[in-house]
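Peer 1: What follows is a predicted structure for the sequence shown.
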Amino acid sequence: SIGSHTAALARPYDDLPDCCGTRYLTEDELTAHVRACTSAGIQAGFHVIGDAATTAAVAAFEAVAAEVGGPVLAARGHRLEHGESLTVAQAEVLSRYGVIASMQPSFDALWGRGGRDVRAAARQRRTGRCGRSPSARRRRSAG
């Protein structure tokens, strides 16, 4: 989570300059999992919080789509849990490949002051845009 400094960020937390959070899987491991699930005809799902985690997951979906084709990837209904750090461009990619972002838009309000203190203001302006992209609105699910 943002407040506990475990969300994987591309740049250090504002209030903890030596910490970028925790990544549990490499991009190669994410890609291998998406590839295996797609090949098996089942849904892959990842819990992603933070811009670095989101970027790695989106890259994994793009890599597998390049291998098997977008329609094959989209047919599996893969999903990302959370995804509050999605940029508009990332939301467009996920929409193109049928990846469902199971977002919890109220988390920003629930994070309160703590969430604002640990994230850069510019980062928050680039992300946290739940529902601003027309195709992202089509793919958004209830949180």
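Peer 2: All right, it came through fine.
Peer 1: contacts and neighbour counts: CA atoms only from here.
Peer 2: Will do.
Peer 1: And the helices in the protein?
Peer 2: Counting by DSSP state H, the chain has helices at residues 27-40, 51-68, 70-74, 88-96, 107-118, 121-126, 134-139.
Peer 1: Skipping adjacent residues, who's closest to the residue nearest to the spatial centre of the chain in space?
Peer 2: The centroid of the chain falls nearest to Thr54 when counting by Cα atoms, centre = their mean (3.2 Å). Excluding the flanking residues, the one nearest Thr54 by Cα to Cα, 6 or more residues apart in numbering is Val48, at 5.8 Å.
Peer 1: Roughly how far does Ala32 sit from Phe61?
Peer 2: According to Cα to Cα, to the nearest Å, Ala32 and Phe61 sit 10 Å apart.
Peer 1: same thing with Pro17?
Peer 2: Pro17 is 30 Å from Phe61, where distance means Cα to Cα.
Peer 1: can you list the weak-confidence ranges in this protein?
Peer 2: Across the chain, the ranges flagged by pLDDT under 70 are 105-143.
Peer 1: Tell me, how many residues neighbour Thr22?
Peer 2: Close neighbours of Thr22, defined as other Cα atoms under 10 Å, add up to 16.
Peer 1: Could you double-check that it lies in contact with Ala10?
Peer 2: No. Counting by Cα atoms under 8 Å, Thr22 stays clear of Ala10, with 10.7 Å between them.
Peer 1: mind listing what's buried in stretch 2-19?
Peer 2: Under the neighbour-count criterion of 16 or more other Cα atoms under 10 Å, stretch 2-19 has Ile2, His5, Ala7, Ala8, Leu9, Arg11, Pro12, Tyr13, Cys19 buried.
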